[in-house]
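Student: I'd like to go over a predicted model; first the sequence, then the structure.
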Amino acid sequence: MIFLYRYCRMLEEGSFRGRTADFVFMFLFGGLLMTIFGTFVNLVFLGQAFTIMLVYIWSRRNPNVRMNFFGLLNFQAPFLPWVLMGFSLLLGNSIIVDLLGIAVGHVYYFLEDVFPNQPGGGRWLRTPSILKMLFDTPEEDANYNPLPEERPGGFAWGEGQRLGG
């Protein structure tokens, strides 16, 4: 839960700042792809894989961040999902869940950040307009003049005569 909260918050405040619909679309895309891949490997509980997906995307978008694992291992952020997978292996857990999260995170990262910047590449992932309509705030109209009741402080006080002078 701590990893989910931490990396979800860092993604939302970092690379998805002001793009709530894109953030929700990443969740939906990752959840759908994970569900499809999870059926092939008989995984039902995909919470850890989803967390690893978020960690993977964050780590790839922040490659210069230095990490420290239990005060023993220092590494750059892109290695964090692999270090977590190694730790999971040391604990005797199956690494299929971690590999699924890394794979789905890599598919999203590649289609969103790598492929569009390649020669001849393009954006394959586009946030549906319904999500943008639901989650993104509309742009401010430069010609909009709010009613006096909608202005901060209510009415425009102080536009009268100056006292004592």
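Tutor: Noted; the coordinates are in hand. Residues are numbered from 1 along each chain as shown.

Student: where do the strands of this protein begin and end?
Tutor: 66-69, 73-76 (DSSP state E).

Student: got the buried residues for the longest helix anywhere in the chain?
Tutor: Counting by DSSP state H, the longest helix found in the chain is helix 20-40. When neighbours are counted by 16 or more other CB atoms under 10 Å, the buried residues of helix 20-40 are found to be 20-26, 29-31, 33-34, 37-38. (C-beta placed from N, C-alpha, C; glycine too.)

Student: wait, which of the residues you listed is closest to residue 126?
Tutor: residue 25 (8.5 Å; CB to CB).

Student: and the longest helix of the chain, what does it pack onto?
Tutor: helix 2-13, helix 47-61, helix 96-109, helix 129-135 (3 or more CB pairs under 8 Å, 6 or more residues apart in numbering; DSSP states H and E).

Student: could I get the average pLDDT for that helix?
Tutor: What helix 20-40 shows for mean pLDDT is 91.

Student: neighbouring contacts of it?
Tutor: 11-12, 16, 44, 46, 49-50, 53-54, 57, 100-101, 103-105, 107-108, 112, 125, 127-128, 131-132, 134-136 (CB atoms under 8 Å, 6 or more residues apart in numbering).

Student: off-centre distance for it?
Tutor: For helix 20-40, the separation from the chain centroid amounts to 12 Å (computed by CA atoms, centre = their mean, to the nearest Å).

Student: now the strands of the chain as a markdown table including mean neighbour count and mean pLDDT?
Tutor: A markdown table is the format used below for the strands of the chain (neighbours: other CB atoms under 10 Å; pLDDT from 0 to 100):
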| stretch | mean neighbour count | mean pLDDT |
| --- | --- | --- |
| strand 66-69 | 12 | 86 |
| strand 73-76 | 12 | 88 |
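
Student: residue 83: which of those strands is closest?
Tutor: strand 66-69 (5.5 Å).

Student: spit out the contact partners of residue 8.
Tutor: By CB under 8 Å, 6+ apart, the residues touching residue 8 are residue 54.

Student: so which residue is dead centre in this structure?
Tutor: residue 11 (4.0 Å; CA atoms, centre = their mean).

Student: excluding its backbone neighbours, what's nearest it?
Tutor: Spatial nearest neighbour of residue 11, chain neighbours left out: residue 58 (5.3 Å); criterion: CB to CB, 6 or more residues apart in numbering.
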